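Student: Predicted model, plus sequence, below.
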Amino acid sequence: MHRPDRTISLTAWMVVGLGFLALALSFSARAVMSIAMPVWQSELGWSRSVVSSAAACSMIVMAVIAPFAGGLVDRYGPRSIMSCGLAFLAAGMFLVASISVESQEWKLLVGFSLLGGIGFGVLAQHVVATAIATRFTTRRGLATGLGVSGSSGGQLVLLPIFAMLFSAGAWQNSFWLLGASAIILIPVVWFSLKPSRGHAGKSSPEAGSAEKIKVSSMLKDKGFQVLFWSYLICGFTTSGVIETHLLPYAAMCGFAPVPSATAYGVLSAVNLGGMILAGWLTDRVNRPLLLFTIYVARALCFGLLLVIGDSYELLLAFAVLFGIFDYSTVPVTASLLGSRLGLRNLGLSLGLLSAGHAVGGASGAFFGGWVFDHTGEYVTLWYVSIMLAGLAAALIILLKQEKEPAGTAQVQNA
């Protein structure tokens, strides 16, 4: 009598583990651009605007791909889509690794922005969060937090390695390593995850009873609108600003690549714990209040960047404090969205939010590069980030606590 439940449980936790690994590769590949920016500027003669624009273009591609990836996970489950995402990621990283001269900017755009962007859009937090949420009826927040924490866990291990490779003049090896790791993970994902029976939600009784709703109905929901615009700002302040410009800012402050990457590794380590903690709290506290607190704390953290100067201790302090609140929005936002729109719609609805997150990230990456090239500093970027994070917190005030977990998809008003 207990064997089927045990099988489902093992399968569910396998999704958590493989989701962790896939996000570890995807987010490490995205973050390595911030290490590459000053190196490519000196070695290849590329301006920061060129590299920032490539990062921004990849996020635009992610924005286009995200809703489709979410919808496919709702319908077919994670096995096929994660395998395809890993293949695109590998192809993109191999092409970037083949760059050897300044005139090969097209390889950066095709490899990182297009092929990599597709891989990033598929190997994304919303895909992993959806795959996990539809397989858990209890401890859903904690399981989601554990799975999506791979987006920081991989950076904790890989970024210091990449920094050493860049310092040694072997930056191409970083991209060869990422591509090879993605290739190795494809058969693991394919043979470990069983095919879905109809769609990903069938593993969850609640998901099976929920009704599908149209995108137009989602867009009319006030709660969805609040979460969408706050998540867009989240993308600006995290993927756009911190992932792309923190390490170049550290280099501008006079810190060498390895100490800078170490600080970023500290941020990633704390970020990992922050996501797990946020997932655990999601199951236990008022979720809108939790999300409001995260955005307020994030705004305050940006204030530290205004006074770092040449103090490595302050850089580490920022890494610790910001790390707590960096990606901790993900399990809370996913839980709130599932409660409002139903688990069967979670992939598509989170995909739409992730598209907004990517657009925000692209805006932050591009704006940061533009600000630096025109002013020679990042002060304006930090002030804008403080104001936007405060705006996100103000938006969350409009939300109310919804019953969790949700098995229906009725659209409710905020």
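Tutor: It's in.
Student: okay, now the residue nearest to Pro248 when sequence neighbours are not counted: neighbour count?
Tutor: Nearest residue to Pro248 in three dimensions, chain neighbours excluded: Met37, at 4.9 Å (CB to CB, 6 or more residues apart in numbering). To be clear about C-beta, it is placed using only N, CA and C from the backbone, and glycine gets the same treatment. The number of residues packed near Met37 is 24, by other CB atoms under 10 Å.
Student: what pLDDT does Met37 get?
Tutor: With respect to pLDDT, Met37 scores 79.
Student: Secondary structure element for it, which one?
Tutor: helix 3-43 (DSSP states H and E).
Student: and after that helix, which helix or strand comes next?
Tutor: That would be, after helix 3-43 and using DSSP H and E, helix 48-76.
Student: That following helix packs against which elements?
Tutor: helix 3-43, helix 78-97, helix 105-108, helix 117-122, helix 125-133, helix 243-252, helix 346-375 (3 or more CB pairs under 8 Å, 6 or more residues apart in numbering; DSSP states H and E).
Student: quick one on the thing from earlier: would you enumerate the residues in contact with the residue nearest to Pro248?
Tutor: Going by CB atoms under 8 Å, 6 or more residues apart in numbering, Met37 touches 48, 51-52, 244, 247-248.
Student: CSV for the residues you listed, including pLDDT and distance to Gly360?
Tutor: Compiled in CSV, the contacts of Met37 are given as follows (pLDDT from 0 to 100; distance: CB to CB, whole Å):
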residue, pLDDT, distance to Gly360
Arg48, 73, 19
Val51, 82, 19
Ser52, 78, 15
Thr244, 82, 12
Leu247, 85, 20
Pro248, 87, 19
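Student: and the two most separated of the residues you listed?
Tutor: Ser52 and Leu247 (12.5 Å; CB to CB).
Student: give me phi/psi at Tyr378?
Tutor: phi -120, psi 10 (degrees, to the nearest 10).
Student: Count residues in the vicinity of it, would you?
Tutor: Tyr378 is flanked by 21 other residues according to other CB under 10 Å.
Student: Do a quick rundown of the helices in the stretch 251-400 of the chain.
Tutor: Assigned by DSSP state H, counting those that start in this stretch, the helices in the stretch 251-400 of the chain fall at 257-282, 287-305, 312-325, 329-341, 346-375, 379-396.
Student: most packed of the ones you listed?
Tutor: helix 329-341 (a mean of 28; mean count of other CB atoms under 10 Å).
Student: by contact count, what packs against that one?
Tutor: Here helix 329-341 touches helix 125-133, helix 140-148, helix 222-235, helix 257-282, helix 287-305, helix 346-375, going by 3+ CB pairs under 8 Å, 6+ apart.
Student: which secondary structure elements does the longest one contact?
Tutor: So the one you mean is helix 346-375. With contacts defined as 3+ CB pairs under 8 Å, 6+ apart, helix 346-375 has these neighbours: helix 48-76, helix 125-133, helix 215-220, helix 222-235, helix 243-252, helix 329-341, helix 379-396.
Student: One more: the first one?
Tutor: Contact partners of helix 125-133 among helices and strands, from 3+ CB pairs under 8 Å, 6+ apart: helix 3-43, helix 48-76, helix 78-97, helix 140-148, helix 329-341, helix 346-375.
Student: Assess the claim that Leu272 and Leu146 are in contact.
Tutor: No: with contact defined as CB atoms under 8 Å, Leu272 does not count as touching Leu146 (9.4 Å).
Student: you'd agree Leu115 is up against Ala91?
Tutor: Yes: using CB under 8 Å, Leu115 makes contact with Ala91 at a distance of 4.9 Å.
Student: Compare neighbour counts for the two and give me the winner.
Tutor: Comparing Leu115 with Ala91 by other CB under 10 Å, the one with more neighbours is Leu115, at 23 against 19.
Student: Any regions of the stretch 301-414 of the chain where pLDDT drops low?
Tutor: Confidence mapping of the stretch 301-414 of the chain against pLDDT under 70 gives the ranges 401-414.
Student: Repeat the analysis, applying 80 as the threshold.
Tutor: By pLDDT under 80, the low-scoring segments of the stretch 301-414 of the chain are 341-346, 400-414.
Student: starting at the chain centroid, how far to the helix holding Met37?
Tutor: 10 Å (CA atoms, centre = their mean, to the nearest Å).
Student: Ok, stretch 355-369 next?
Tutor: 12 Å.
Student: residues making contact with that stretch?
Tutor: Contact with stretch 355-369 is made by 47-49, 51-53, 55-57, 59-60, 62-64, 66-67, 121, 228-229, 231-241, 243-245, 378, 381, 384-385, as judged by CB under 8 Å, 6+ apart.
Student: Also stretch 371-385?
Tutor: Stretch 371-385 is contacted from outside by 47-49, 236-237, 241, 245, 248-249, 252, 299, 302-303, 305-306, 364, 367-368, using CB under 8 Å, 6+ apart.
Student: gap between Ala365 and Met62?
Tutor: 12 Å (CB to CB, to the nearest Å).
Student: center of this structure, which residue is that?
Tutor: Gln125 (5.5 Å; CA atoms, centre = their mean).
Student: Hmm, Leu353 and that residue touching each other?
Tutor: No: the criterion here is CB under 8 Å, and Gln125 misses it with Leu353 at 9.9 Å.
Student: SS state for Thr137?
Tutor: coil (DSSP: H, G, I helix; E, B strand; the rest coil).
Student: mind checking which of the helices and strands packed on helix 48-76 is nearest Phe175?
Tutor: Closest to Phe175 of those is helix 78-97 (CB to CB; 3.7 Å).
Student: Having no further points to raise, I will conclude here.
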